[in-house]
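Peer 1: Give me the fold of what follows.
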Amino acid sequence: MAHSVNLSVADPRIPRFQGGDETVLGELYDEHADHVFSLALRILGDRSEAEDVLQETWIQAWAKRSEYRPEQASFAGWITMLARSRALDRVRRRSARVKKEAEVGLEEPTRSSPPLAEWGLLADKLRAEVASLEPQQRTALELAYWGGLSHSKISEEMGQPLGTVKTWVRSGILRLRDRVVKERTS
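Peer 2: Next comes the predicted model:
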């Protein structure tokens, strides 16, 4: 049975944010910037690039604020998706650059090149698999793993019982593991 996100916990600042209120942008930034930065740092492993992703994410959020739909995801979930997407784009660009340099002989492939290229392919596969999850399950996983939130915080954010959130996260992980392992062995 599909569950829906409880809209009764919607942030009352969102309409003002969508309307261009820069004060609310500052409040949301103060509330979520550490989380966005830590997510980018975990994905990229580079502080400077994570800082760039932090800035790019908030610029993109501001530019696309009218496209945000609170009925589809919490603000934390939405900003997490934007940040994750920006960070993974950088990983893919890095991987493509290393591959291109190796192909044209600009630089000897290093011991770290193949794992980085494989990481890019795995990240693409994982991203596609995450996108195929049910929206609530996807949001719960994103908040837990890319957002760094505890199950309790996710429960509050989504307005759902803690047990439901734990089930979504666990079943999502198992589904992703099964699909990725199945593909790698076939």
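
Peer 1: Quick check: nearest residue in space to residue 127, chain neighbours excluded?
Peer 2: Among residues not flanking residue 127 along the chain, residue 88 sits closest, at 6.4 Å (Cβ to Cβ, 6 or more residues apart in numbering). (Glycine included, C-beta is placed from N, CA and C.)

Peer 1: what number of residues lie near that neighbour?
Peer 2: 20 (other Cβ atoms under 10 Å).

Peer 1: Off-centre distance for the helix or strand containing it?
Peer 2: Element membership for residue 88, per DSSP states H and E: helix 75-104. Once both centres are worked out by Cα atoms, centre = their mean, to the nearest Å, helix 75-104 turns out to sit 11 Å from its chain's centre.

Peer 1: what does stretch 85-93 rub up against?
Peer 2: Contacts to stretch 85-93, defined as Cβ atoms under 8 Å, 6 or more residues apart in numbering, come from residues 39-40, 43-44, 49-50, 52-53, 56-57, 60, 119-120, 123-124, 127.

Peer 1: Name the residues of the helix holding residue 88 that are buried.
Peer 2: For helix 75-104, burial by neighbour count (16 or more other Cβ atoms under 10 Å) applies to 75-88, 90-92, 94-95, 98-99, 102.

Peer 1: contacting residues for residue 25?
Peer 2: Counted by Cβ under 8 Å, 6+ apart, residue 25 has contacts 17, 58, 62.

Peer 1: Can you list phi and psi of residue 134 for me?
Peer 2: Residue 134 adopts backbone torsions of phi -60, psi 150, taken as degrees, to the nearest 10.

Peer 1: so how far is residue 77 from it?
Peer 2: 14 Å (Cβ to Cβ, to the nearest Å).

Peer 1: same deal with residue 139?
Peer 2: Distance of residue 139 to residue 77, computed by Cβ to Cβ: 5 Å.

Peer 1: same question, residue 124
Peer 2: As judged by Cβ to Cβ, residue 124 and residue 77 stand 21 Å apart.

Peer 1: cool, and residue 95?
Peer 2: For residue 95, the distance to residue 77 - Cβ to Cβ - is 26 Å.

Peer 1: How about residue 137?
Peer 2: Using Cβ to Cβ, residue 137 is found at 12 Å from residue 77.

Peer 1: Residue 175 now?
Peer 2: Residue 175 sits 19 Å away from residue 77, taking Cβ to Cβ as the criterion.

Peer 1: Now do the buried residues in stretch 59-72.
Peer 2: 61, 65, 68, 70.
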